[in-house]
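J.: Compute the structure for the input listed below.
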Amino acid sequence: MKEQYDDKNGYCRMLGHTLSFRYCRVMNAGLPCHNILNCWFERFDVETFVGENYSREEQQDIFKPPKMKIATMVEVVENVTGGKKDEKS
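T.: Alright, predicted model coming up:
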């Protein structure tokens, strides 16, 4: 049962405040945060939890390295501008 630890709270090193496990479990487009093992291992066997509740493919998506901030910013700009470049150059 994925919801069994949802009421537990822990400190999020990325955001800098306390969050529920539920947030960490679904924050990545419905999948857990890539840092879930590092943040929760002291509270319960989170590695077993992930192994029992997510397929190998989902685990690959969960643990793929996050995009660098600059890559995310470039994507946002491209989405806003429609991918158009300045033609005056």
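J.: Torsion angles phi and psi at the residue positioned nearest the centre of the chain?
T.: In the chain, the C-alpha nearest the mean C-alpha coordinate belongs to residue 33, at 2.7 Å (C-alpha atoms, centre = their mean). Residue 33 adopts backbone torsions of phi -60, psi 150, taken as degrees, to the nearest 10.
J.: That one contacts residue 26, doesn't it?
T.: No: the pair residue 33 / residue 26 is not scored as a contact, 9.1 Å apart, by C-beta atoms under 8 Å. Where C-beta positions appear, they are placed from N, C-alpha and C, glycine not excepted.
J.: wait, what's in contact with the residue nearest to the centre of the chain?
T.: 14, 24, 27, 39, 62 (C-beta atoms under 8 Å, 6 or more residues apart in numbering).
J.: Also residue 35?
T.: Contacts of residue 35 by C-beta under 8 Å, 6+ apart are 13, 14.
J.: try 10 Å
T.: Neighbour list for residue 35: 12, 13, 14, 24, 28, 62, 63, 66 [criterion: C-beta atoms under 10 Å, 6 or more residues apart in numbering].
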